[in-house]
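# This is the structure alone, sequence omitted:
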């Protein structure tokens, strides 16, 4: 097989880069998840959604499936808490892969509804207003910082799905959710910025893979390993 031509294939390269990145940074903690003493957001939360941008719907599904497979291989039960870590990333990936109105508009509104009908969520209903952001990004002007706005919409879709799953599976008081309101703003801006940077780096690498591959391959051969 011609490796050079294979790496020039957009979908294949996208899957490889995102899969390696997600695995490599899987356990690198970034910020703690409120309500848990052991769970953390990690850099993979920035990388995994980009699967949809570079590998499409099927690539996003494949990477999520591989992550779940690896998790189950190590004996982890596929319960609601696991879904809270994996389903948001898949939904965020789909927001990059498709312009479906269900993903960009329907899903945020569904999450808002599920949040405010919960007894605890009803006390902090304004928390769910963050999820109007993906709707606004869907209707944005494509000429205005498209990558960052796409990343912003994507990270808030992940936030919406993850928050609803967390609300229904982890007991947390309304005061904790209330304290999260300012934290979410900073956290999601950081995630969107990181996702945008990751997108630019991967896109640049893909554009230059054809010219850069001979140099990389020559260096590897010189190592004689």
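Received the coordinates, thanks. Since this is a predicted model, take the numbers as computed values, not measurements.

# And what about residue 99, helix, strand or coil?
coil (DSSP: H, G, I helix; E, B strand; the rest coil).

# For it, which non-adjacent residue is spatially closest?
Leaving aside its chain neighbours, residue 99 sits nearest to residue 138 (7.7 Å; criterion: Cβ to Cβ, 6 or more residues apart in numbering). Yep, even glycine has a C-beta here, placed from its N, CA and C like the rest.

# Please verify my assumption that that neighbour contacts residue 106.
No. Counting by Cβ atoms under 8 Å, residue 138 sits too far from residue 106 to count as a contact (10.4 Å).

# Going by how many neighbours each has, rank the two and give me the top one.
Neighbour totals were compared for residue 138 and residue 106, and residue 138 leads with 19 against 12 (other Cβ atoms under 10 Å).

# Could you measure from that one over to residue 94?
Distance from residue 138 to residue 94, counting by Cβ to Cβ, to the nearest Å: 13 Å.

# try residue 73
25 Å.

# Could you do residue 56 as well?
Counting by Cβ to Cβ, the gap from residue 56 to residue 94 is 10 Å.

# which of those two has more neighbours?
Remark: of residue 56 and residue 94, residue 94 carries more neighbours, 24 against 20, as counted by other Cβ under 10 Å.

# Are we agreed that the more buried one is in a helix?
Yes. Membership of residue 94 in a helix is supported by three-state DSSP.

# Nearest residue to it in space, please, no chain neighbours.
In this structure, residue 94 finds its nearest non-sequential neighbour in residue 103, 5.1 Å apart by Cβ to Cβ, 6+ apart.

# burial count for the one you found?
There are 23 residues near residue 103, going by other Cβ under 10 Å.

# and it, backbone torsions?
phi -70, psi -40 (degrees, to the nearest 10).

# Identify the residues contacting it.
91, 94-95, 157 (Cβ atoms under 8 Å, 6 or more residues apart in numbering).

# Show me the strands in the chain, by range?
29-32, 40-42 (DSSP state E).

# what about the first one, average pLDDT?
If I follow you right, that is strand 29-32. For strand 29-32, mean pLDDT rounds to 49.

# And for the last one?
Looking at strand 40-42 alone, the average pLDDT works out to 50.

# Make 54 the first number, not 1, from now on.
Got it, first residue is 54 now, which makes that one strand 93-95.

# Residue 173: how many residues sit nearby?
Neighbour tally, residue 173, other Cβ under 10 Å: 16.

# quick one, what contacts it?
Residue 173 touches 220, 225-227, 230, counting by Cβ under 8 Å, 6+ apart.

# Kindly write the ChimeraX command that selects the buried subset of these.
Buried residues within the contacts of residue 173, by 16 or more other Cβ atoms under 10 Å, are selected in ChimeraX with:
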select :220,230
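
# Would you mind listing the two of the contacts of residue 173 that lie farthest apart?
Maximum pairwise distance in the contacts of residue 173, criterion Cβ to Cβ, is 11.5 Å, between 220 and 226.

# Pass me the low-pLDDT residue ranges in this structure, would you?
Applying pLDDT under 70 to the chain flags residues 54-95, 127-134, 194-198, 261-278.

# can we see that at 90?
54-140, 142-143, 150-152, 190-200, 223-224, 239-240, 243-244, 247-248, 250-278 (pLDDT under 90).

# For it, which segments are assigned as helices?
56-60, 63-77, 97-100, 104-126, 133-150, 154, 160-169, 186-191, 199-222, 227-276 (DSSP state H).

# Right, I'll leave it there.
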